[in-house]
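In: Let me see the structure of the following:
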Amino acid sequence: MNFQFQDLNEMLLMGGHGVYVWAAVLVSLGTLIWLVVSPILQHKQTLKEIGLNLTREELRNQSGNKDI
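Out: You can find the predicted model right below:
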């Protein structure tokens, strides 16, 4: 296998373009992570809200039955 760079420092610098390349990589990875994590967190929040609504509805039904 033939490597493009002689050492790690040369790979990080990439002939003076390393800052731009690694910034683009970090932005891309951050975006991908956000695209995975955000829906998961929203799903958990929605399930929590549904559970609270069901509990409230159940309590209303129980208190409504006692008045009869």
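
In: So which residues of this structure form helices?
Out: Under the criterion DSSP state H, the chain contains helices at 8-13, 18-66.

In: count of residues packed around residue 2?
Out: Using other Cβ atoms under 10 Å, residue 2 is surrounded by 3 other residues. (Each C-beta comes from the backbone N, C-alpha and C, glycine too.)

In: Backbone dihedrals for it, both of them.
Out: phi -110, psi 120 (degrees, to the nearest 10).

In: Quick check: it vs residue 11, distance?
Out: As for residue 2, its distance to residue 11 is 14 Å (criterion: Cβ to Cβ, to the nearest Å).

In: Show me where the chain dips below the pLDDT cut-off.
Out: 65-68 (pLDDT under 70).

In: same thing but at 80, please
Out: 1-3, 64-68 (pLDDT under 80).

In: Can you tell me which residue is spatially central in it?
Out: In the chain, the residue lying closest to the centroid (Cα atoms, centre = their mean) is residue 37, at 1.8 Å.

In: What's the separation between it and residue 29?
Out: Using Cβ to Cβ, we find residue 37 at a distance of 12 Å from residue 29.

In: sorry, back to before: list the contacts of the residue nearest to the centre of the chain.
Out: Residues in contact with residue 37 (Cβ atoms under 8 Å, 6 or more residues apart in numbering): none are found.
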